[in-house]
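Peer 1: generate a structure from the sequence data that follows.
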Amino acid sequence: MSGLTIKVRGAREVAAELSGPLTERIRAEVRGEIGALALDLARNTVNQKLSGQVLNFRKRGAGLIGSVLQSPRVVESGTSVVGLAGTALQYGIAHEFGFTGTVSVKQHLRTVTKAFGRQLAEAKQQTVRGHSRNVDMRAREYLKSTLDELAPTVPDRIGAAVARGTEG
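Peer 2: As a prediction, the model looks like this:
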């Protein structure tokens, strides 16, 4: 899965200072806020970037949109709480980071409705043989640019979550 990570510096030091039920309340609040941030990242990516601002996938990109919307999750390990949002779809990763290389195109059927600039009386099916194709796709960041827009709010939101956790 392609994803982006936000690290809060000093988390270990704060965790070492706190102990007991207070720590668990703070951890629960921070976990919830990190989850909300990951969900905001996914929603804003779909609503702003995949709907025309960076990529126009509203009509044809249901797979990428669904992949991004289903991806937000929170992972905890030791003193770390990490929010993840992204996609595991190859074409989504290629759009985010760019791609230069050769891809294989499988044999498929193509519906032909025009020939030599004229409309055909009825559509015909044409077999397209499998072949290789060179691709040079520039990066069109949709996740990173959304994260960059959300980043200024992260410290305040985490701080508010810690404050909520310390209120008994």
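Peer 1: on contacts alone, who are the packing partners of the longest helix anywhere in the chain?
Peer 2: Assignment by DSSP state H gives helix 21-44 as the longest helix of the chain. Identification of packing neighbours for helix 21-44 by 3 or more CB pairs under 8 Å, 6 or more residues apart in numbering; DSSP states H and E yields helix 62-70, strand 73-77, strand 80-84, helix 143-150, helix 154-166. C-beta: built from backbone N, CA, C; applies to glycine.
Peer 1: what's the least confident stretch among those?
Peer 2: Here these differ in mean pLDDT, and the lowest is helix 62-70 at a mean of 79.
Peer 1: what comes up buried for it?
Peer 2: Using 16 or more other CB atoms under 10 Å as the test for burial, helix 62-70 gives Leu64, Ile65, Ser67, Val68, Leu69.
Peer 1: list the residues that contact the fourth one.
Peer 2: Read that as Val68. Ala42, Thr45, Val46, Leu50, Ala85, Gly86, Thr87, Gly92, Leu143 (CB atoms under 8 Å, 6 or more residues apart in numbering).
Peer 1: distance of it from Leu41?
Peer 2: Going from Val68 to Leu41 by CB to CB, to the nearest Å gives 9 Å.
Peer 1: overlap of the contact sets of the two?
Peer 2: Common contacts of Val68 and Leu41 (CB under 8 Å, 6+ apart): Ala85, Leu143.
Peer 1: end-to-end on stretch 97-113?
Peer 2: Using CA to CA, to the nearest Å, one end of stretch 97-113 lies 35 Å from the other.
Peer 1: just to revisit the earlier point, figure out which of the helices and strands packed on helix 21-44 is closest to His108.
Peer 2: Across the helices and strands packed on helix 21-44, the minimum distance to His108, taken as CB to CB, is reached by helix 62-70, at 17.4 Å.
Peer 1: the closest one to helix 21-44, inter-axis angle?
Peer 2: 160 degrees (axes from the mean of the first three to the mean of the last three CA atoms, to 10 degrees).
Peer 1: where does pLDDT dip in the protein?
Peer 2: 1-22, 52-61, 168 (pLDDT under 70).
Peer 1: and it, what are its domains?
Peer 2: The chain breaks down into these domains under automatic domain parsing: 2-98+139-166, 100-137.
Peer 1: who touches the lengthiest strand in the chain?
Peer 2: Among the segments of the chain that qualify as a strand by DSSP state E, the longest is strand 118-128. Contacts with strand 118-128, where a contact means CB under 8 Å, 6+ apart, come from Val105, Gln107, His108, Leu109, Arg110, Thr111, Val112, Thr113, Lys114.
Peer 1: thank you, goodbye.
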